[in-house]
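Asker: For reference, the sequence and a predicted model appear below.
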Amino acid sequence: MRDETHEPETREEPPPFGGSWRTLYAVLLVNLAVLTALFYLFTRYFG
């Protein structure tokens, strides 16, 4: 009889690009900061 109470193995898959999740999140945060700065500059210039 099989033991049905054990949890399935959780494997962490690699991200689609960047090599690691830390790198991917760092790229996303830098992208967010750059876009925020650009939108701020556009607002100051054209506002």
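Answerer: Sure, I can see it.

Asker: where are the low-confidence patches of the protein?
Answerer: 1-4, 7 (pLDDT under 70).

Asker: most centrally placed residue in it?
Answerer: Nearest to the geometric centre of the chain sits Tyr25, at 3.6 Å (C-alpha atoms, centre = their mean).

Asker: Which helix or strand contains that one?
Answerer: When elements are assigned from DSSP states H and E, Tyr25 belongs to helix 21-46.

Asker: ok so, going back, the residue nearest to the centre of the chain and Thr43: what is the separation?
Answerer: According to C-beta to C-beta, to the nearest Å, Tyr25 stands 27 Å off from Thr43. Any C-beta I mention is one placed from the backbone N, CA and C, and that applies to glycine too.

Asker: Val34 now?
Answerer: 15 Å.

Asker: got the CA coordinates for stretch 36-47 in CSV?
Answerer: Provided in CSV are the C-alpha atoms of stretch 36-47 (Å, rounded to 0.1, in the frame of the first residue of the first chain):
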residue,chain,number,x,y,z
THR,A,36,9.7,56.0,-13.2
ALA,A,37,12.6,58.5,-13.7
LEU,A,38,11.7,58.9,-17.4
PHE,A,39,8.1,59.5,-16.7
TYR,A,40,9.1,62.1,-14.0
LEU,A,41,11.4,63.8,-16.5
PHE,A,42,8.8,63.8,-19.2
THR,A,43,6.2,65.3,-16.8
ARG,A,44,8.6,68.0,-15.7
TYR,A,45,9.6,68.9,-19.3
PHE,A,46,6.2,68.8,-20.9
GLY,A,47,4.0,69.8,-18.0
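
Asker: Start the count at 16 instead of 1 going forward.
Answerer: All set: I'll call the first residue 16, so the last point we hit is now stretch 51-62.

Asker: what's the closest non-adjacent residue to Val42?
Answerer: Leaving out its chain neighbours, the residue that sits closest to Val42 by C-beta to C-beta, 6 or more residues apart in numbering is Gly33, at 6.2 Å.

Asker: What number of residues are in the vicinity of the one you found?
Answerer: 14 (other C-beta atoms under 10 Å).

Asker: With Pro30 instead?
Answerer: Around Pro30 there are 14 residues (other C-beta under 10 Å).
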